[in-house]
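Trainee: need coordinates for the below:
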Amino acid sequence: MRTIILGIFLLVSSFSSAQTELPYILPVKERAAVIDEILEDRMDNLLPQLMRRSGLDMWVIISREYNEDPVMRTMLPSTWLNARRRTIMVFYDPGNEAPIEKVAIARYAVGRLLQGAWDIDVYPDQWEALVSLIEEKNPQKIGINTSDYFGLADGLVHTEYESMMEKLPEAFHDRVVSAEKLAIAWLETRSQKELAMYPMICRMGHSILQEGLSEKIIHPGITSTDDVVWALRQRVSDLGLATWFHPTVAIQRYDPENFDHLRTFSKRPDERIIMPGDLLHVDFGITYLRLNTDQQQHFYVLKPGEADVPEYLKLAFEKANRLQDILVSNFTEGLSGNEILQTSLDQAKAEGIVPSIYTHPIGVHGHAAGPAIGMWDKQEGVKGTGDYIMYPNTAYSIELNASSEIEEWGKIVRIMLEEDGVFDGEKFHFLDGRQEEILTIPRR
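Mentor: Modelled structure (predicted):
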């Protein structure tokens, strides 16, 4: 039944996108069925590959209600909005290509994914039930979610770690290791079913974003940047979707004020009235079916008598598109984020581009686990997360900017772009294309 629902979703979405601006959005009940089908597929088919790649034969994830490990949150069924009491998930690989054993040391089975294995009459103490299972399976490496650099892989809180180690027999202590690589792999790797539906989610984001930055919302001389931000938030809410960050809308224009992309992160000015001749920038992302988008595009408000974007802004935009091409051409399995960053910056500078690259993984989190490819304030490389290497079937927000001196405005303009895509192990492709020209308000 759930496979049928997912198939109908993909078919209807593809059909609807050709007929309307916004793709079909599933009702909540059908979304839940899709989420559970995808999660079950990931558990059965993806998790065994990742455990064997990481070299762990047991993975223990522990959380208490409302203080969930980020990894555990991605493993909860659709009807579980939080963990319950203390939930302990145990994944064990018996070897010889046998199926992964999935057990919950908890008072409840975790949906249909993990069967409950805590008999409170035999083991009144939950930790003793966990220890009994560990002793029975006798794993050689017990992975727990601790990490120096990846917050998303560092979800085991101190008190739970202490309680586990206090109860665990001394003979197993030296087998307890960080599950960092496995946790990141689980979070960053997209299944084939996720890859099939991700383009439509990105199209949803593009549709909402482009509607918000149009004459449907913007009346020059009246509408403010803050008005547009809240119009985007309201539209997302009305559609039954969610945003994972508060959108931003910024203006670059012909005036003496210098513009720095730092303002889009932490030094946003008060709302400003949008006027003809403004170059608008929007940063926007949605969450749907537990996947996220992160998109930045540019729009130009036509002056009276203008029919198109000025040529000097078009040329500036072309440089940012070229920077995207350079970056994704350097995506290579096994290279670190820092290596890809340095190669791309050097190549862009050799072509006369003034680049800044701050690309990040995306997926079940907006700023997701995986290799950091620069940060806006760390163009020399990122310690730790930037040293992590690139794997296949991982998704990225290609976030960057290219600066151009605009003589007509007497200032530097930054074209700041961000589009989502996937690296399949051989090449990168954008999930729903990318912006290749500045759109006008009103549309031409």
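Trainee: what count of nearby residues applies to residue 238?
Mentor: Using other C-beta atoms under 10 Å, residue 238 is surrounded by 8 other residues. All C-beta atoms are positioned from the backbone trio N, CA, C, and that covers glycine.
Trainee: how close does it get to residue 222?
Mentor: Remark: distance between residue 238 and residue 222 (C-beta to C-beta, to the nearest Å) = 22 Å.
Trainee: just residue 144 next, same as before
Mentor: Counting by C-beta to C-beta, the separation of residue 144 from residue 222 is 56 Å.
Trainee: check residue 316 too.
Mentor: For residue 316, the distance to residue 222 equals 28 Å [C-beta to C-beta].
Trainee: domain map for this structure?
Mentor: Listed domain ranges for the chain are 2-186, 190-441 (source: automatic domain parsing).
Trainee: report the mean per-residue pLDDT for the shortest one.
Mentor: So that's domain 2-186. Domain 2-186 comes out with an average pLDDT of 85.
Trainee: distance from that domain to the middle of the chain?
Mentor: 19 Å (C-alpha atoms, centre = their mean, to the nearest Å).
Trainee: give me the beta-bridge partners of the residue lying closest to residue 363 once chain neighbours are set aside?
Mentor: Nearest non-adjacent residue to residue 363, counting by C-beta to C-beta, 6 or more residues apart in numbering: residue 395, 5.1 Å away. Under DSSP bridges, the beta-bridge partners of residue 395 are residue 422.
Trainee: contact partners for residue 395?
Mentor: Residues counted as contacts of residue 395 (C-beta atoms under 8 Å, 6 or more residues apart in numbering) are 188, 190, 198, 361-363, 368, 420-423, 431.
Trainee: could you rerun that using 7 Å?
Mentor: With contact set as C-beta atoms under 7 Å, 6 or more residues apart in numbering, residue 395 has these partners: 190, 198, 361-363, 420-422.
Trainee: residue 374 now?
Mentor: 341, 357-359, 382.
Trainee: of those residues - the most surrounded one?
Mentor: Going by other C-beta under 10 Å, residue 341 tops the contacts of residue 374 with 28 neighbours.
Trainee: listing request: residues of the stretch 201-350 of the chain with sub-threshold pLDDT.
Mentor: By pLDDT under 70, the low-scoring segments of the stretch 201-350 of the chain are 256-270.
Trainee: show me the strands in it, by range?
Mentor: Ranges of strands in the stretch 201-350 of the chain, per DSSP state E, counting those that start in this stretch, are 242-243, 248-252, 279-284, 286-288, 291-292, 295-301.
Trainee: of all those strands, which lies closest to residue 53?
Mentor: Counting by C-beta to C-beta, residue 53 lies closest to strand 291-292 out of the strands of the stretch 201-350 of the chain; the figure is 22.4 Å.
Trainee: distance between the closest one and the chain's centre?
Mentor: For strand 291-292, the distance to the chain centre is 6 Å (C-alpha atoms, centre = their mean).
Trainee: mind listing what that strand pairs with, with the direction of each?
Mentor: strand 286-288 (antiparallel).
Trainee: as TSV, the contacts of residue 374 with distance to residue 249 would be great.
Mentor: Below are the contacts of residue 374 laid out as TSV (distance: C-beta to C-beta, whole Å):
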residue	distance to residue 249
341	28
357	23
358	19
359	22
382	28
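Trainee: and the residues you listed as JSON lines, adding secondary structure?
Mentor: Output for those, formatted as JSON lines (DSSP: H, G, I helix; E, B strand; the rest coil):
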{"residue": "341", "secondary structure": "helix"}
{"residue": "357", "secondary structure": "strand"}
{"residue": "358", "secondary structure": "coil"}
{"residue": "359", "secondary structure": "strand"}
{"residue": "382", "secondary structure": "coil"}
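Trainee: quick check: closest non-adjacent residue to residue 310.
Mentor: Per C-beta to C-beta, 6+ apart, closest to residue 310 is residue 408, 7.1 Å.
Trainee: tally of neighbours for the one you found?
Mentor: Count around residue 408 with other C-beta under 10 Å applied: 11.
Trainee: wait, isn't residue 71 in contact with residue 145?
Mentor: Yes - between residue 71 and residue 145 there is a contact at 5.9 Å, judged by C-beta atoms under 7 Å.
Trainee: now the common contact residues for these two.
Mentor: 61, 155, 183.
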